[in-house]
Each structure stands twice: as C-alpha cells, then as structure tokens.
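K.L.:
I would like the atomic coordinates for the input below:
(one chain, ligands or ions: 1)
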Amino acid sequence: MSDAFKLDLIHRPRRLRRNATVRSLVEETVLRPADFIAPLFVVDGKGGPEPIASMPGVLRYNLTDLVKECRGLAKLGVPAVALFPKLDKKFKDDAGSAALNEDALILRAVRAVKKAVPELVVMTDIALDPYTTHGHDGVLTPDGRDVANDATVAILVKMAVLHARTGVDFVAPSDMMDGRIGAIRRALDDAGCTETAIMAYSAKFASAYYGPFRDAVGSASAAGTHHLDKRTYQLNPANRREALAEVALDEAEGADILMVKPAGAYLDIIRDVHEATNKPVAAYQVSGEYAQIQAAAKLGWLDLERTRHESLLAIKRAGADMILTYFAREMALALK
Ligand code: PBG
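P.N.:
Numbering: from 1, shown residues only. Got it, this is the predicted structure:
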C-alpha cells in the first residue's frame, strides 16, 4: 500500500518544483531577447529572399529586405546582428581580393543597416572565406598546402579598418590566425577607430557543425568540395586546455568579447572560459546545431519550440553572456 509507506526525509527537493510559481521563484537562468545576436546572410541584387536548403527558415536577403529584417529584430529587442555576405562566384579569387573592395556588398549592407536602425549593434565577420575560391579563411602558402598566417593577418587588418571606417560597431575575426587580434587592435587605434570593438572568435573548433553555413555563404561549393579541412588553424575538438590558451592570447591582445564556437557540444569550454576571464563571453550556436533541431522537428521527432529553448538555456547556463543563434528572431518573439 503506497499510503502506508513513508520515507523519513528531511530534504524533499520536490517542494521547490510543486507548481509554476514556486518553480519561477527558484529559476536560476532566464533567457531574454537581449541575450541574442542574429547572424544574417546578405546577397547582391534585387531578388527575393533565398532559402538555404540545409537551414530551413534562414534566408539570404537583398539589402532592402536585410534592413527590414534588422528593423524587425530591433523592435523585438534583439540588440545585435552579425552580417555575412554571399558573393557570386565571379567575384572570388585565390587571394580573396574582393574583401578589400571599398564598395563591397558587406560594406553597403553595414551602411544601409546603420542608417536605418542606428541603435542596432552591427558586427561583421573578418575572414576571407566568402571571398576565396578555395573557401579558406586566408590566403594560401606558396605551395598551396596551408593557409599563410602573417600574409593573411596583413589582409585582415586592412579589412577590419575598412569595416570600422564604414561604421560597424564590432569586427569579429573568425579566421583563427595567430596574432590577428593584436594586429587588428593596433591598426584600428592607429586609424582612429578606438571605439570599434573586437569580438574574437577565440575558441573556434574545426567542427563538422559548420556544414550548413558553408552552403549559406558558398565557401564549400566554391572550393568544389563538401568538406573544407581547416584543421591547421581551427582548434582540435579534443582540446580543452589549448582552447583556454587561445582565449588568453586574444584577451591579452585586446579582444573585448571572447567567443566559443560551436556552443552546444562545447558547454564545458564555455564554462571554462567564463571562469578564466572577466571579459564577456559569447557562444555561437552554429548552423549545424540549428539544422539538427530543425531536421528532427520536421520529422516530428522533437518539439521545435521546447528543444530550441532548452538548447539556448543550456548555453547561457554554461556561462555565455550572449548567444549568436539563427533562432534569435523566433526566440525574441516567443519570449515577448
Ligand atoms: C568562417 C566562418 C564559419 C562560420 C562563421 N564564420 C565557418 C567556417 O569556419 O568554415 C560558421 C558559422 C556556422 O556554422 O553557423 N569564417
């Protein structure tokens, strides 16, 4: 008889889970629209929004639609966007020269967004992968077998200054070259852009979860492969201490925000970084994490809204102060 059976317990943790109001009282982590940074893809021309097969619900926007989307995000309380260009193949070359074009798509996008929604924080990616035919984040060594570190940094520095002068609030170097944060900080200061901040992709792992993003910006197809091997610059997913060493370097070199990427499979790293630094920590819930949830939801195997929320809650609980996520808009809507 269940009634007759009584445990002699002092502690009954379930007392704090009895109903929704008690649960809300003891809730430790809360998501809000201001936690999110929305990554957005931009294309040239006047065509309508382009779907990305491996990222259902994510679109590439022309400039007009991009501005509309940014207005909507700002209205929902999302404070920041991270812009990524998709270039036509004919503008790509081995050196990623289009990255330094003064009239580059990304710069026109920054101008349009800052003009229409000045309060929205605009971040741009500093790396060459949307611009190179080989899809790598930098220029190659003479034998073509690796990405050249210092030659790449020399280009990224110019790119960062160009973006800063165009009005971005944050440059976000995602290339993982050695010494790029220090070089970019110095160049920004020399150019008088002392207010432009740096969000460093500090612990960026060589991850299989970037696959859908490479469809979105066309970096893999430009290279004629489905698999881009970036292991000579991105971190080995097996390494935790090496990630912390990278983060310490970026912090010492002047990064304002330190990022861990991907997020969901790297919660231990987010926690480690949160504990190792007093700088704000960003985490990037990347394209593959998004695609996984969308795919399972489409099959009816997972509940989209709940899984989405839980995945982001876990990232914040681990220690992220802000999260780049393709769910930013839907989350902000759901949290209203
Ligand atoms: C490249 C870059 C990548 C992402 C952001 N910047 C991919 C890569 O390193 O190939 C991935 C983002 C995502 O998967 O959502 N500079």
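
K.L.:
When you work out contacts or count neighbours from here on, use the C-alpha atoms and nothing else.
P.N.:
Fine.

K.L.:
Next, report how far the one helix or strand Val171 maps to is displaced from the centre of its chain.
P.N.:
For Val171, the host element (DSSP states H and E) is strand 170-173. Remark: strand 170-173 is offset 10 Å from the chain centroid, using CA atoms, centre = their mean, to the nearest Å.

K.L.:
ok, and does it reach over to the ligand?
P.N.:
No - Strand 170-173 lies out of reach of the ligand by CA under 6 Å from any ligand atom, never closer than 7.7 Å.

K.L.:
One more: stretch 103-119?
P.N.:
No - between stretch 103-119 and the ligand, judged by CA under 6 Å from any ligand atom, nothing touches; the nearest distance is 14.0 Å.

K.L.:
got the contact list for the lengthiest helix in the chain?
P.N.:
Counting residues, the longest helix in the chain under DSSP state H turns out to be helix 149-166. Helix 149-166 has contacts (CA atoms under 8 Å, 6 or more residues apart in numbering) with 99-100, 102, 107, 110-111, 124, 126-128, 138-139, 170-171, 177-180, 183-184, 187-188, 191, 193, 196.

K.L.:
Please repeat the previous calculation with a cut-off of 6 Å.
P.N.:
100, 138-139, 177, 180, 184, 188 (CA atoms under 6 Å, 6 or more residues apart in numbering).

K.L.:
Just after the strand holding Val171, pick out the following helix or strand.
P.N.:
Of the helices and strands lying after strand 170-173 in sequence (DSSP H and E), the nearest is helix 180-190.

K.L.:
Output that following helix as PDB, restricted to C-alpha atoms.
P.N.:
What follows is helix 180-190 as a C-alpha-only set of coordinates in PDB (Å, rounded to 0.1, in the frame of the first residue of the first chain):
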ATOM      1  CA  ARG A 180      45.400  38.800 -35.500                       C
ATOM      2  CA  ILE A 181      43.600  40.300 -32.600                       C
ATOM      3  CA  GLY A 182      46.700  42.400 -31.500                       C
ATOM      4  CA  ALA A 183      47.400  43.400 -35.100                       C
ATOM      5  CA  ILE A 184      43.800  44.400 -35.700                       C
ATOM      6  CA  ARG A 185      43.500  46.300 -32.400                       C
ATOM      7  CA  ARG A 186      46.700  48.300 -33.200                       C
ATOM      8  CA  ALA A 187      45.500  49.100 -36.700                       C
ATOM      9  CA  LEU A 188      42.100  50.200 -35.600                       C
ATOM     10  CA  ASP A 189      43.700  52.500 -33.000                       C
ATOM     11  CA  ASP A 190      46.200  53.900 -35.500                       C
END
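
K.L.:
Specify the next element, helix or strand, located C-terminal of it.
P.N.:
According to DSSP H and E, the helix or strand after helix 180-190 is strand 197-204.

K.L.:
pLDDT on that next one, on average?
P.N.:
Averaged across strand 197-204, pLDDT comes to 98.

K.L.:
From the chain's centre, how far out is that strand? Work that out for me.
P.N.:
Its chain's C-alpha centre and that of strand 197-204 lie 10 Å apart, by CA atoms, centre = their mean.

K.L.:
Residues touching that strand, excluding its own?
P.N.:
Residues contacting strand 197-204 (CA under 6 Å, 6+ apart): 170-174, 234-235, 243, 246-247, 255-261.

K.L.:
This protein against the ligand: which residues are in contact?
P.N.:
Taking CA under 6 Å from any ligand atom as the criterion, the neighbours of the ligand within the chain are 127, 129, 137, 174-175, 209-210, 213, 286-287.

K.L.:
now the contacts of strand 197-204: which count as buried?
P.N.:
Buried residues within the contacts of strand 197-204, defined by neighbour count using 16 or more other CA atoms under 10 Å: 170-174, 234-235, 243, 246-247, 255-261.

K.L.:
so of the residues you listed, which ones are in helices?
P.N.:
243, 246-247.
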